[in-house]
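Q: sequence first, predicted coordinates after that:
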Amino acid sequence: MTTQFNPASAEEIQERLIATQGGLRPGRVAYFLYYLRKKPLGTIGLSICLLMIFTAIFAPWIAPNTYQEQNYDAVRVAPNTEFFFGTDQFGRDIFSRVVYGARISMLVGFLAVIAGTGAGAIIGLMSGYFMGKFDALVQRLVDMWMSFPDLILALTIVAVFGNTIPNVILAIAATILPRGVRVIRSSAITIREMDYTTAARAIGATDLRIIFRHVLPNTIAPFLIIMSSMFGTAILTEAGLSFLGLGIAEPTPSWGRMLTGQAAQYMVDSPWILIFPGIAISVTVLGFAFAGDALRDIFDPKLRGL
């Protein structure tokens, strides 16, 4: 009896074998390309993220007008070939403001995520490794911290310190920090019980050496995952703060700020004033969510299907 091989299955097995070759650069490239093809939503999310980053960096060259240039002869003009997204109630080009708004969203989101997850990772690493009373104290504080709704906590910080860009970043980072603590603590607890960590402790390695040599490098994967998943949340929180009037102050363009104020009065007569900033927020948050899910699948062996 002759065994028939399925060409598609054989090709897939070969791709997986190539993709899982450790230490070889071609294997890693093949592994990356394999997931780009097998994770279409992740590919779409990554493309959106790169597009938004590109838009933020090259905003002055992409936008046909400055974000505060007013043309009172073109007030609330519908989208056309001259004004791609139309104009607002002050005659400002909405396309230019959306493009410049990407710069604010990317800057605030990136810095807030770096600050929040970075501080959370340090606290979670120490809490998970040392355990004991220190861990119990940290976890009770985190429980109290997370009992406050994110938006309420961010609103309180901005209301007290002012709605400058650094304060908005601080407020958003404060909502992200406890999640970073929880995720990294969980990883640190698992890693501290591994055989190689126990062996390092047995030969007299100091706690500091074990943390930086063995525990910290193995928490990079969950750190990257929590960063990517929190990026969209940070952008959404900034938009919420701006929508409520406590985010980025005028005249600096912000997607959330473009949805509030007098713009809401023209929702029926001039809906494009609200539609395009809303689409920008939705697409960006969705893109980072897709990219975060794909990144989690790549780093989690249980989800690879290999």
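A: Good, I have the coordinates.

Q: now A78: closest residue in space, sequence neighbours ignored.
A: Computed as C-beta to C-beta, 6 or more residues apart in numbering, the closest residue to A78 that is not its neighbour in sequence is G86, at 5.2 Å. For glycine as for every other residue, the C-beta is placed from the backbone atoms N, C-alpha and C.

Q: repeat that for L244.
A: L155 (6.9 Å).

Q: from F110, how far out is that neighbour?
A: Going from L155 to F110 by C-beta to C-beta, to the nearest Å gives 22 Å.

Q: so who does F90 touch?
A: 70, 72, 75 (C-beta atoms under 8 Å, 6 or more residues apart in numbering).

Q: backbone phi and psi for it, please?
A: phi -110, psi 10 (degrees, to the nearest 10).

Q: ok so, going back, for the residue nearest to L244, helix, strand, or coil?
A: Put simply, L155 is helix when judged by DSSP: H, G, I helix; E, B strand; the rest coil.

Q: quick one: contacts for it?
A: If you count contacts by C-beta under 8 Å, 6+ apart, then L155 has 171, 241, 244, 246 around it.

Q: same thing with V77?
A: Counting by C-beta under 8 Å, 6+ apart, V77 has contacts 83, 86-87, 91.

Q: I'd like to know how far the closest residue to it other than its chain neighbours sits from A249.
A: Setting aside the residues directly before and after it, V77 is nearest to T87 in space (C-beta to C-beta, 6+ apart), at 4.6 Å. As for T87, its distance to A249 is 22 Å (criterion: C-beta to C-beta).

Q: give me the more crowded residue out of those two.
A: When T87 and A249 are compared for neighbours, T87 comes out ahead with 28 against 15, by other C-beta atoms under 10 Å.

Q: on the pLDDT front, check that one for me.
A: As predicted, T87 sits at a pLDDT of 88.

Q: list the contacts for G232?
A: Neighbours of G232 in contact, by C-beta under 8 Å, 6+ apart: 284-289, 292.

Q: buried stuff in the host helix or strand of it?
A: For G232, the element it lies in under DSSP states H and E is helix 220-243. For helix 220-243, the neighbour count (16 or more other C-beta atoms under 10 Å) marks 222-243 as buried.
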